[in-house]
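> take this sequence and fold it.
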Amino acid sequence: MSAPPKTVLTASPEEAAAIFAAVREAAGHTVAGPEHVDGLVALLADPAVSGPIYDLPRPIGRESVARWVADSEALRQEGRCILSVSFDTAGEVAGYSRVTVWPERSSAELAGARRADLQNSGSGREGVARSIAWMFEVLGVRLIGLTAALDNVRSAKAIDGAGFRRMGEVESLRPDGTTRRSLYWELTRDEWVRMHRL
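Numbers count the residues shown, from 1 in each chain. Below you'll find the model as predicted:
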């Protein structure tokens, strides 16, 4: 699991309990399961998709992805993570998102990717906006932190376009224990509400 946002919020017991429950329910998402492992392997085997993402299991293979799916599901049952998949018109896995949640801090992080042939279509920004709205409205968190590799221009544009505030850089910890310097952003629910009222 990645690190929580830099800004520290404290949730009331009632707020945290509601977030835990919302994560377990994962309403509106197709939660990744064993039946999606092969599709995820095919998606993530492409370096154009997985290369910039620091928290994926490495090397990408059926065993590592199956373990990642199982670990993510265990965390969902705890109310701390949602790994979901999206599909193309042929029913193939075309993307994934992984929301890591800290209910006690009313905070979350979003990571994800789309298949290379679906990138640069303008839908990335729309997807980020939909995910952010869902995290604030359905999960009920008050703060979202995001990271991107220093050279990941496409993700940085999508995050900037969604209204996140740049807050410098952080060290992101990979599953193998190594680190990667990352750009870092935050957005609060109040900021998001103000943006969408204008």
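> only C-alpha atoms for contact and neighbour calcs from this point on.
Fine.
> who does the one helix or strand A158 maps to touch, helix- and strand-wise?
Per DSSP states H and E: A158 is located in helix 153-161. Helices and strands touching helix 153-161, by 3 or more C-alpha pairs under 8 Å, 6 or more residues apart in numbering; DSSP states H and E, are helix 123-134, strand 143-149.
> so in the chain, where's the weakest helix or strand by average pLDDT?
Within the chain, no helix or strand scores below helix 123-134, which has a mean of 78 by mean pLDDT, DSSP states H and E.
> can you list contacts of that one?
I144, A158, I159, G161, A162 (C-alpha atoms under 8 Å, 6 or more residues apart in numbering).
> for the helices and strands packed on helix 153-161, which one sits closest to G61?
Of all these, strand 143-149 sits nearest to G61, with 22.5 Å by C-alpha to C-alpha.
> partners of that closest one in the sheet?
Looking at strand 143-149 with DSSP bridges, its partner strands are strand 107-114 (parallel), strand 179-188 (antiparallel).
> so how far is the longest one off the chain centroid?
Going back to what we said before, that points to strand 179-188. 12 Å (C-alpha atoms, centre = their mean, to the nearest Å).
> filter the contacts of helix 123-134 down to the buried ones.
I144, A158, I159, A162 (16 or more other C-alpha atoms under 10 Å).
> ok now do the first one, which residues does it touch?
Neighbour list for I144: P5, S107, A108, E109, L110, I132, E186, L187, T188 [criterion: C-alpha under 8 Å, 6+ apart].
> re earlier: just name the most buried of the strands paired with strand 143-149.
strand 107-114 (a mean of 22; mean count of other C-alpha atoms under 10 Å).
> quick one: contacts of that one?
Residues outside strand 107-114 that contact it (C-alpha under 8 Å, 6+ apart): 4-5, 9, 43, 49-50, 53, 94-102, 135, 141-146.
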